[in-house]
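>>> show me how the following folds:
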Amino acid sequence: MTKQISPLRQRMIEDMTIRNMSPSTQRVYVAAVANFSIFHGRSPDKLTFEDVRDYRLHLISRGLKPNSINPIMGALRFFYRTTLGLKEVSEHIPYARRADPLPAVLARDEVERFLKALPNLKMRTAFITIYAAGLSRRVDASCRREPEGCRDAVAAVADRVGGEAHKRETLNVIENEISRRARGNGGAVVLGAGAAGR
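As a prediction, this is how the structure comes out:
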């Protein structure tokens, strides 16, 4: 025995089919609107923006993250805007802001401890460059051609990455390492293949 599809659900499925939405997206959207309706115990066309807000708070209280909430909100936006023709309601249903994908920034002393733990000079310099400048190919190529070019290349990348304070910090770290290399090689700075990184 098959379950009867309501005219409202059939209309939503047709709206999605007309827009060439994939079958998996259609299943997700239909389930999202059905769960929204079940949560409130009423037909979804009788529910308001305040009901959407309450449902969203319920999802958050259950521990759902933006990656799980956003498809549900997308389904409700589609339902209100397209199936019910209530564009003004759909515009008030925001997507959840995703967490910034940026990694945690280590404290200065943590970075220093990490770098000092690296016995190989080449590796230490590589990690300094990775941390301080984001390992731009331009920086790497510039440093291989001429050590003095490191300062300008690193400054350009550091400026884009973290502003003036980060730029000063980056330049200090790189200059100290270049000076140290020069002292260790009788004044010659060797970068890249053949570097004295032991």
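
>>> so, low pLDDT: which residues of this protein?
Within the chain, the stretches with pLDDT under 70 are 1-2, 100-107, 132-198.

>>> change it to 90
Residue ranges of the chain with pLDDT under 90: 1-6, 48-49, 86-198.

>>> send the alpha carbons of the helix or strand that contains residue 33 over as CSV?
Using DSSP states H and E, residue 33 sits in helix 23-40. Presented in CSV, the C-alpha positions along helix 23-40 are these (Å, rounded to 0.1, in the frame of the first residue of the first chain):
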residue,chain,number,x,y,z
PRO,A,23,16.6,13.4,-7.3
SER,A,24,18.8,13.4,-4.2
THR,A,25,18.3,17.2,-3.7
GLN,A,26,14.5,16.6,-4.1
ARG,A,27,14.6,13.9,-1.4
VAL,A,28,16.5,16.1,1.0
TYR,A,29,14.2,19.1,0.4
VAL,A,30,11.0,17.1,0.7
ALA,A,31,12.3,15.4,3.9
ALA,A,32,13.3,18.8,5.3
VAL,A,33,9.9,20.4,4.8
ALA,A,34,8.2,17.3,6.1
ASN,A,35,10.3,17.3,9.3
PHE,A,36,9.6,21.0,9.7
SER,A,37,5.8,20.3,9.4
ILE,A,38,6.0,17.3,11.8
PHE,A,39,7.9,19.4,14.4
HIS,A,40,5.1,22.0,14.5
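
>>> show me what it is packed against.
helix 7-18, helix 49-61, helix 66-78 (3 or more C-beta pairs under 8 Å, 6 or more residues apart in numbering; DSSP states H and E). Every residue, glycine included, has its C-beta placed from N, CA and C.

>>> what's the angle from it to helix 49-61?
If you take axes from the mean of the first three to the mean of the last three C-alpha atoms, to 10 degrees, helix 23-40 sits at 100 degrees to helix 49-61.

>>> buried ones in helix 23-40?
For helix 23-40, a neighbour-count test (16 or more other C-beta atoms under 10 Å) marks 25-26, 28-30, 32-33, 36-37, 40 as buried.

>>> and those, which is closest to residue 82?
Distance to residue 82, by C-beta to C-beta, is smallest for residue 29 among these, at 10.3 Å.
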